[in-house]
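Colleague: pasting the sequence and the predicted coordinates here, then a few questions.
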Amino acid sequence: MNDDRRTALLVAAIEDGAPASELARMSLPSTYRAAVTKRSDVAAATALPEEERSVADTLHVESVPTPALAPDEALVAVMASSINYNTVWSSIFAPVPTFAFLDRLAAEGGWAARHGGDRHVLGSDAAGVVVAVGSNVARFAVGDHVAVHGNWVDGEDPATYADAMRSPTQRAWGFETNFGGLADLALVKASQLLPKPAHLTWEETASTTLCNATAYRMLISPNGANLRLGDRVLIWGATGGIGSFAVQQALATGAEPICVVSSPARAAALRRLGVRRVIDRRAEGYRFLTDDGTGVDRAEVDRFAARVHELAGGGVDVVFEHPGRETIAASIASCRPGGAVVTCAATTGYAMPMDAGVATTSSVRIIGSHFANYHENARANDLVRRGLVHPTMTASRPLDEVASATQLVRDGRHDGKVAITCLGAPGTGVTDPWRRAELGEDRISAFRLAVGRSAPTPGAQSPPETSSTLALPAEIHGII
Ligand code: NAP
């Protein structure tokens with residue numbers, strides 16, 4: 001039997017809700033379809049300036065060998081994944097080609113050696129079905145419907161038990177490791193598995209994991225800003241991947257978001273979602289850097305901070321920061337004395353001109369944040385399972401169109417999240433249609449409806465047959 005046939009049988013069994021015992025007996029394909037970058041493309045791409053590099057030239061969909069399974073790992077049949085900004089970085093080899101990460105990991109030897117090679121399977125999100133587990137895996141089993149989070153850590157490192165994000169072994173799966181989620185199969189550590197929210201489709205699930213958890217650590221976790229009832233929080237890029245979750249978490253916490261976006265349509269969408277204070281940065285014409293780009297335009301920063309003070313009735317308690325170079329000075333100036341700027345990224349550049357005097361005299365804390373530890377990932381996933389946070393997926397493309405989907409995100413032409421369907425058909429994967437009906441389509445799809453983009457309407461088709469509901473772990477039914 002060839003690999004295409006094996007894959008087709010696997011998908012049919014999953015769609016039919018075959019029992020775990022049947023899935024466990026099936027022979028897995030020895031190769032699978034995956035979105036990859038290639039070492040052979042690095043030299044030509046990196047000879048060009050970053051802005052001239054083309055995702056279409058360097059992000060390929062190819063067949064790759066199925067890796068062997070280590071004792072602490074699981075193999076997941078990926079029904080859907082999503083584009084993250086790290087997909088953009090990886091595919092244009094910026095700021096560095098990710099093969100540098102893979103080589104470093106592979107050099108550790110043993111099982112880690114599998115991560116080397118000349119192709120990098122990308123993707124830091126996935127939703128799917130466990131199809132194989134290593135001998136040490138106990139909490140999840142073949143047949144489980146899972147969401148996969150992208151925190152890849154060495155479970156034997158003591159630092160992992162305090163806060164895995166401070167462990168030198170921590171890596172972003174599918175970015176700093178191989179075998180990521182933009183593929184028909186994914187190799188994960190069992191500690192990356194979370195129970196799938198049963199009321200969501202595969203692609204809705206896959207579009208919530210990384211960005212929701214990143215926002216959770218930044219805003220809600222004690223490792224981040226520890227947001228409280230009544231806090232005022234300035235959110236940059238509030239309809240973007242992480243921003244769209246930050247807004248939901250702020251509203252759910254009883255905090256008051258002051259949101260920044262770059263168009264009237266985005267501002268209107270946020271108002272429809274219940275945000276009362278929005279700044280359209282483009283309409284108000286802010287430019288925080290001097291013309292030569294090396295310094296801060298103090299007058300512009302002050303003009304923005306005054307606008308924030310006007311809307312918030314004073315400086316904000318927290319700033320949700322990620323644009324970086326172009327906005328950091330404005331973020332610091334917008335804080336109340338003793339406020340915090342929590343940042344996870346620097347989309348516009350890591351070398352950041354800022355007036356340290358403002359930060360010091362106002363005792364503003366700058367909190368560096370990166371993704372989320374296992375516990376924070378589980379908490380963020382629970383918010384989705386319990387219907388307190390909803391997906392922000394506005395578009396879904398098949399895996400074969402991963403390059404154009406990545407380009408869409410690179411160009412900032414998307415809102416919220418762009419999902420990728422892999423083995424799953426669009427709009428499938430809901431195993432608790434009653435819970436979905438109870439929460440209501442208008443709430444689950446509130447973000448997509450608010451931004452008013454046309455997208456496949458997940459869940460709009462008939463709920464799937466209950467046979468696959470029966471295959472769900474009891475734990476999922478118990479919670480939802
Ligand atoms: P995204 O979906 O592209 O959203 C980013 C938003 O930022 C855009 O919607 C845009 O909104 C805003 N923006 C872009 N340029 C800006 C500028 N010059 N000034 C002000 N706002 C600007 O990306 P994302 O998924 O939210 O990710 C955002 C950043 O976080 C990326 O750099 C990503 O790599 C990083 N990230 C880091 C982690 C981590 O673990 N450390 C995890 C996830 C993401 P408007 O144009 O509407 O203002």
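Modeller: That came in fine, so what should we check first?

Colleague: per-domain residue ranges of this structure.
Modeller: 3-209+373-421, 225-368 (automatic domain parsing).

Colleague: how about these in a markdown table, adding mean pLDDT, mean neighbour count and distance to the ligand?
Modeller: All C-beta atoms are positioned from the backbone trio N, CA, C, and that covers glycine. Below are those laid out as a markdown table (pLDDT from 0 to 100; neighbours: other C-beta atoms under 10 Å; distance: least, C-beta to the nearest ligand atom, whole Å):
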| stretch | mean pLDDT | mean neighbour count | distance to the ligand |
| --- | --- | --- | --- |
| domain 3-209+373-421 | 96 | 21 | 3 |
| domain 225-368 | 95 | 20 | 2 |
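
Colleague: quick check, central residue of the protein?
Modeller: residue 210 (2.8 Å; C-alpha atoms, centre = their mean).

Colleague: show me where the stretch 201-350 of the chain has its strands.
Modeller: For the stretch 201-350 of the chain, applying DSSP state E, counting those that start in this stretch gives strands covering 232-235, 256-261, 277-280, 316-321, 335-343.

Colleague: figure out how far the third one is from the centre of its chain.
Modeller: Put simply, strand 277-280 sits 24 Å off its chain's centre (C-alpha atoms, centre = their mean, to the nearest Å).

Colleague: which secondary structure elements does that strand sit against?
Modeller: strand 256-261, helix 264-272, helix 298-312 (3 or more C-beta pairs under 8 Å, 6 or more residues apart in numbering; DSSP states H and E).

Colleague: which among the strands of the stretch 201-350 of the chain is found nearest to residue 221?
Modeller: Each of these has some distance to residue 221 by C-beta to C-beta; the shortest is strand 335-343, at 9.8 Å.

Colleague: in terms of secondary structure, what does that closest one contact?
Modeller: helix 209-219, strand 316-321, helix 328-333, strand 365-368.

Colleague: output the helices and strands packed on strand 277-280 as TSV; include the columns distance to residue 421.
Modeller: Shown next, in TSV, are the helices and strands packed on strand 277-280 (distance: least, C-beta to C-beta, whole Å):
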stretch	distance to residue 421
strand 256-261	28
helix 264-272	24
helix 298-312	40
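
Colleague: torsion angles phi and psi at residue 425?
Modeller: phi -80, psi 150 (degrees, to the nearest 10).

Colleague: check contacts around it.
Modeller: residue 15 (C-beta atoms under 8 Å, 6 or more residues apart in numbering).

Colleague: and it, what pLDDT?
Modeller: Residue 425 is assigned a pLDDT of 96 by the prediction.

Colleague: what's the answer for residue 465, then?
Modeller: At residue 465, pLDDT is 30.

Colleague: now the one 4 residues further on
Modeller: The score at residue 469 is 26. That number is its pLDDT.

Colleague: and for the one 10 residues further on?
Modeller: Residue 479 is assigned 23 on the pLDDT scale.

Colleague: just to revisit the earlier point, nearest to residue 215, out of the domains of the chain?
Modeller: It is, among those and with distance given as C-beta to C-beta, domain 225-368, at 4.1 Å.

Colleague: quick one, strands of the stretch 51-200 of the chain?
Modeller: Counting by DSSP E, counting those that start in this stretch, the strands of the stretch 51-200 of the chain are 60-65, 73-82, 119-121, 126-133, 145-148, 151-152, 171-172, 185-189, 193-195.

Colleague: in a markdown table, list those strands along with distance to residue 90.
Modeller: Shown next, in a markdown table, are the strands of the stretch 51-200 of the chain (distance: least, C-beta to C-beta, whole Å):
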| stretch | distance to residue 90 |
| --- | --- |
| strand 60-65 | 12 |
| strand 73-82 | 13 |
| strand 119-121 | 7 |
| strand 126-133 | 15 |
| strand 145-148 | 17 |
| strand 151-152 | 15 |
| strand 171-172 | 10 |
| strand 185-189 | 15 |
| strand 193-195 | 23 |
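
Colleague: nearest spatial neighbour of residue 97, skipping sequence neighbours?
Modeller: residue 42 (4.7 Å; C-beta to C-beta, 6 or more residues apart in numbering).

Colleague: tell me where the stretch 51-200 of the chain has helices.
Modeller: With DSSP state H, counting those that start in this stretch as the criterion, the stretch 51-200 of the chain has helices at 55-58, 85-91, 99-106, 159-163.

Colleague: list of residues touching the last one?
Modeller: Right, helix 159-163. 153-154, 166-170, 223, 373.

Colleague: and the residue of the stretch 351-480 of the chain nearest the ligand?
Modeller: When distances are taken as C-beta to the nearest ligand atom, the stretch 351-480 of the chain reaches nearest to the ligand at residue 371, 3.5 Å away.

Colleague: how far away is the residue nearest to the centre of the chain from the ligand?
Modeller: As judged by C-beta to the nearest ligand atom, to the nearest Å, residue 210 and the ligand stand 6 Å apart.

Colleague: give me the pLDDT value at that residue.
Modeller: 98.

Colleague: same deal with the one 3 residues further on?
Modeller: The predicted local confidence for residue 213 comes out at a pLDDT of 98.

Colleague: isn't it up against residue 374?
Modeller: No - the criterion here is C-beta atoms under 8 Å, and residue 213 misses it with residue 374 at 9.9 Å.

Colleague: give the residues shared as contacts by those two.
Modeller: Applying C-beta under 8 Å, 6+ apart, one finds that residue 213 and residue 374 are jointly contacted by residue 149.

Colleague: so residue 39 touches residue 98, yeah?
Modeller: No - the pair residue 39 and residue 98 does not pass the contact test of C-beta under 8 Å, sitting 10.0 Å apart.

Colleague: quick check: the residue nearest to residue 97 touching residue 93?
Modeller: Yes - look at residue 42 against residue 93 with C-beta under 8 Å: they come within range, at 5.7 Å.

Colleague: show me the beta-bridge partners of the spatially closest residue to residue 236 that is not a sequence neighbour.
Modeller: Among residues not flanking residue 236 along the chain, residue 260 sits closest, at 5.0 Å (C-beta to C-beta, 6+ apart). Going by DSSP bridges, residue 260 is paired in beta bridges with residue 279.

Colleague: measure residue 260 to residue 327 for me?
Modeller: As for residue 260, its distance to residue 327 is 8 Å (criterion: C-beta to C-beta, to the nearest Å).

Colleague: residues shared between the contacts of these two?
Modeller: Common neighbours of residue 260 and residue 327 (C-beta under 8 Å, 6+ apart) are residue 236.
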